[in-house]
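> no FASTA, just this:
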């Protein structure tokens, strides 16, 4: 009976929505209705109403979106017999419909996401055996030492924990390469990493040939290990001490569980955050995915493997014949296969690893190109809507995750659509300026309100548009390439632990300046046409405003591709940890203020001691979070400044034995609460109005900064040519 009543209510609601959407009304009535809907949604948002009120606000917004779609479909498309207008007009229409479809999928996934899961019972006496896989290809030994040491430091019975370095940089194939230099480098890497693993109590494993990239490397690890569970960490993803205790207990309660995924937290800003200087005050781009979307996917049993910071069930992997390797995104593909086989996944929304993001814009684009191409391969080879074994919600969730990476196509169309009218006088919209404002502007405002309602504390207004634009310029050819030849893309390792020592333009920045120049010329053209064609002023102003919005985003992107130089090669993390500093057989009370992978800064109470010098060796003595006893870490003084009895000191680690690497990892990575606190401190919702004003100011500054970098680079190029 309850099912019948629910079905009747849904049918009645659908009928009412269809009536409202198709109701023939004039422009004035549409304007009044639009204002009322925006006011209602804004009031609900200002009152911070959640639960059912959240759904009410989203429902109002959805009706207005449907109203816009109906109007666009029935009133605005150019006549088919005017191909010069119809073709670009149809492209813009299809781009908008893609955006509407993605909005609908987003609403389905995240309208009511699961609340973060609470930690369960952690009985160490009944824990399963765990193999920790750290796949590597060309990463630096120091980076690997930190990750492996952090894995060894995890709070878990030693007899049930085995850490493996899966090294694809020292394979027999590479050590026997025809290129002598490459062969010698691979041999040297093989020997040094074997020694490192032996010192750290970690197992070293390589293989004969580099086949099937990361998936093949992980499958080789599966073949040589026996643990009940497999924890996977990228080479630059160091786990916190409590990672396993926060994740493995879920497998006890759910026998068909194949995955527990945790978020990827990053110590350093991505190039957009670094160049815009937003890392400390604004949520990172990935937080929208890990903070909201994965929880939404988790509600529908569709949270997927993200390649690292996860624990997987060996039994499930044996059923699916290991990690899938058809696409270059083996993580999502593996999850899709196992979901199709009836296995379940869980997402734990707590940062339990700390990793590194690409530091240069070029590496950032390379990483995103691999993600986009891999998702297109999954769409082509696996096609989630027809994947056997998936539930209907899971099909929608995977379609949302894969179709998202088609965004370069609509983003390109939206960027250049105004130019069709301004330069070629093509009418891609058959409506007046007033109708366009009433319908399109309302759609934009409602869309932004809905996005802010869903992601407000995790994604500020216009930031998604900026990220999509800066990726589109280079992702578009990558996506087209994989569509034409799905098997062509190969797995490329993302560069890690990079730094930008000198301020400069990115090596792939030129297209952004060309596009900005074209958009500015189009703006000048729009001003000219307003004065010379006053009878078309309403339409020209609307299209010119659209182009101006593109200029604002494109101008902000000039700052993104203007790489800021960094004085420090690694990111410093603020801590407050009591310790003692020893030098010349004397010990002084001290506090560690911040740490990095290379060194730390301290406040040392030297009490009149003056015998300090740059380059002098010393020791830091502290109590580790791990099961190590009070230990001493050797350091070298790099700089110091004394004020009375207090000396501010910068030191560089000088590890001499395996325990030293574990101490460094303990200082940086052991405490998971510091990552949670840092994330929480950035999660503030400025609201649509304040967020827009902030973005306009940011865009104005970054436009001028980008142009200044361009002029400096042009001056250096001319000086070099003259020289």
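Looks like it arrived, so ask away. Predicted model, so just to flag it, every value in this text is computed and none were measured. Numbering: from 1, shown residues only.
> longest helix in the chain, by residue count?
Ranked by residue count, the top helix of the chain under DSSP state H comes out as helix 688-722.
> and the spatially closest residue to residue 342 that is not a sequence neighbour, helix, strand or coil?
Leaving out its chain neighbours, the residue that sits closest to residue 342 by Cβ to Cβ, 6 or more residues apart in numbering is residue 389, at 6.1 Å. (Glycine included, C-beta is placed from N, CA and C.) At residue 389 the chain is in coil, as set by DSSP: H, G, I helix; E, B strand; the rest coil.
> can you give me the distance of residue 389 to residue 308?
Using Cβ to Cβ, to the nearest Å, one obtains 26 Å as the distance from residue 389 to residue 308.
> and those two? Which one has more around it.
residue 308 (22 against 13; other Cβ atoms under 10 Å).
> list the contacts of that one.
232, 233, 234, 237, 264, 353, 355 (Cβ atoms under 8 Å, 6 or more residues apart in numbering).
> and for the closest residue to residue 327 other than its chain neighbours, the neighbour number?
Using Cβ to Cβ, 6+ apart and skipping the chain neighbours, the partner closest in space to residue 327 is residue 377 (3.7 Å). Counted with other Cβ under 10 Å, residues neighbouring residue 377 total 22.
> residue 377 and residue 329 touch, don't they?
Yes. Between residue 377 and residue 329 a contact is recorded at 7.3 Å, counting by Cβ atoms under 8 Å.
> hmm, back to that, ok, the contacts of residue 308 vs residue 420, which is closest?
Ranked by distance to residue 420 (Cβ to Cβ), these are led by residue 264 at 40.3 Å.
> surely that closest one meets residue 290?
Yes. The pair residue 264 / residue 290 is scored as a contact, 6.4 Å apart, by Cβ under 8 Å.
> I'd guess residue 42 is in a helix, am I close?
Yes. Using three-state DSSP, the assignment for residue 42 is a helix.
> who touches stretch 81-90?
Here stretch 81-90 has contacts from 76, 77, 78, 79, 80, 417, 420, 426, 427, 428, 429, 430, using Cβ under 8 Å, 6+ apart.
> just the ones of these in helices?
Short answer: the contacts of stretch 81-90 in helices (DSSP H) are 417, 420.
> show me the chain divided up by domain.
With domains defined by automatic domain parsing, the chain comprises 128-357, 573-672.
> just how off-centre is the shortest one within its chain?
The one in question is domain 573-672. 33 Å (Cα atoms, centre = their mean, to the nearest Å).
> identify the residue nearest the geometric centre of this structure.
Centroid check for the chain by Cα atoms, centre = their mean gives residue 286 as the closest residue, at 2.9 Å.
> skipping adjacent residues, who's closest to that one in space?
In space, residue 286 is closest to residue 264, 6.2 Å off (Cβ to Cβ, 6+ apart).
> just residue 111 next, same as before
residue 58 (5.9 Å).
> go on, residue 455?
residue 288 (5.2 Å).
> what's that neighbour in contact with, if anything?
Residue 288 neighbours (Cβ under 8 Å, 6+ apart): 455, 458, 459, 464.
> swap the cut-off to 6 Å and go again
Applying Cβ atoms under 6 Å, 6 or more residues apart in numbering to residue 288 gives the contacts 455, 458, 459.
> repeat for residue 37
60, 64.
> secondary structure element holding it?
helix 27-46 (DSSP states H and E).
> now do residue 235
Using DSSP H and E, no helix or strand contains residue 235.
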